[in-house]
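>>> Please find the sequence and the predicted model below.
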Amino acid sequence: MHLLKGYMEFERLMEYLKSPSLLFARLAIGYGFYKPSEIKWADPEAIAIWFNSMHIPFPLFMTYLVSTIETVGMLLLILGLFTRIISIPLIIIMITAIMTVHIDHGFSQADGGFEIPLYYMLFLIVFVAYGAGRFSLDHLFFGKKDS
């Protein structure tokens, strides 16, 4: 009985880590979109040629679309603004990246596999489910009580 009471107290205390952990996860994942976005904006024509080689339709349009979503997504995740909404197109980008770029290389990131995009996708799913947490503009502007 003493063990159960101790565990319940532990669970209660860990609730205080929910919002800080969501904040740190948002910052890490948001920052993770910085370099891919920067690369795409640096030479959109080259990215469009690459997209075309993978048979992605409308490659130049898709380059600008993905670049914009990654850039806006990075900013919104870091700010914790519209976190649930922006996570959805970012999940779609991760699924597409896995299926078009990484899947043939297996799982391991060391081999160019889908490990990192999968982790990003899993965190984005957490953001869809749990929101941004208390340390966010979502909480400030919309008074989210669930995070």
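It's in.
>>> So for the helix ranked longest in the chain, mean pLDDT?
What stands out as the longest helix in the chain, according to DSSP state H, is helix 59-79. Per-residue pLDDT values over helix 59-79 give a mean of 98.
>>> Repeat that for stretch 115-122.
98.
>>> Tell me the buried residues in it?
Buried residues in stretch 115-122, counted by 16 or more other Cβ atoms under 10 Å: 115-118, 120-121. C-beta here means a position set from N, CA and C on the backbone, and glycine is covered the same way.
>>> Residues in contact with it: which ones?
Defining contact as Cβ atoms under 8 Å, 6 or more residues apart in numbering, one finds that stretch 115-122 is touched by 29, 32, 90-91, 94-95, 97-98, 102, 107-109.
>>> Of these, select the buried ones using a ChimeraX command.
In ChimeraX, this line selects whichever of the contacts of stretch 115-122 come out buried by 16+ other Cβ under 10 Å:
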select :29,32,90,91,94,97,98,102
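>>> what two of the contacts of stretch 115-122 have the greatest distance between them?
L90 and S108 (22.6 Å; Cβ to Cβ).
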